[in-house]
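J.: Provide a 3D model corresponding to the input given below.
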Amino acid sequence: MKINRTNIPTYSLVNRYLPVNYTDTYSCIAKANSQITPDDILVSFWTVMPKWVDNLFKIRNSIVKVLGLRTDNNDSFQELEKCIRNGENYDFISIVDKSENETVMLLSDKHLDAYLSVLIQDVGDGQQEINVITLVKFHYWLGYLYFYTILPFHHLVVKGMMKNTLKKLYICNII
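T.: Numbers count the residues shown, from 1 in each chain. Prediction:
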């Protein structure tokens, strides 16, 4: 599966949240047997992680807890899924924007705001372009320090979660 780093599409809802301190966008083309929604991808992202990503999150959580930063508390996958599908809030996660083709999630803490968007566009011949967009806005120096410490892992995690999710949701070829 070919996942490319690209620019934020001009028609993305996340453009409303610019300017920020950091952005990235990963994109791929998939040929699907069924219509996959941005909500399907976000739910799968957070509930069906590869084991190695889950282990990285456990390490991250144990480190940032000592620093007084919030950790993801995914005790209830049903509540998280309800939040995503209904545009609600759950713990420090909220859905801040939504359209038929895109869902924008905000993970907000005292040190930074991180937006994660999934944007899907039909590109013809039963193919869809899937974009996973990250925006990060620092509130103070700890946000900067935290994010740039995890940045090398961020790229691996986003691409790994994207591959894992798309393989699970898309019944046929990822191009």
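
J.: I8 contacts Y22, doesn't it?
T.: No - using Cβ atoms under 8 Å, I8 is not in contact with Y22; the gap is 11.9 Å. (Glycine included, C-beta is placed from N, CA and C.)

J.: secondary structure element for the residue nearest the centre of the chain?
T.: Nearest residue to the geometric centre of the chain (Cα atoms, centre = their mean): L116, 4.1 Å. Following DSSP states H and E, one finds L116 within strand 112-124.

J.: and the helix or strand following that strand, what does it pack onto?
T.: Where DSSP H and E defines the elements, the next helix or strand beyond strand 112-124 is strand 127-138. Judged by 3 or more Cβ pairs under 8 Å, 6 or more residues apart in numbering; DSSP states H and E, the packing partners of strand 127-138 are strand 22-31, strand 112-124, helix 141-169.

J.: partner strands of the second one, parallel or antiparallel?
T.: Partner strands and pairing direction for strand 112-124 (DSSP bridges) are strand 102-108 (antiparallel), strand 127-138 (antiparallel).

J.: switch these over to JSON lines; also include mean neighbour count and distance to Y17.
T.: Output for those, formatted as JSON lines (neighbours: other Cβ atoms under 10 Å; distance: least, Cβ to Cβ, whole Å):
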{"stretch": "strand 102-108", "mean neighbour count": "21", "distance to Y17": "8"}
{"stretch": "strand 127-138", "mean neighbour count": "20", "distance to Y17": "6"}
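
J.: now these in CSV, with distance to N86 and mean pLDDT?
T.: Formatted as CSV, the strands paired with strand 112-124 follow (distance: least, Cβ to Cβ, whole Å; pLDDT from 0 to 100):
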stretch, distance to N86, mean pLDDT
strand 102-108, 11, 95
strand 127-138, 21, 95
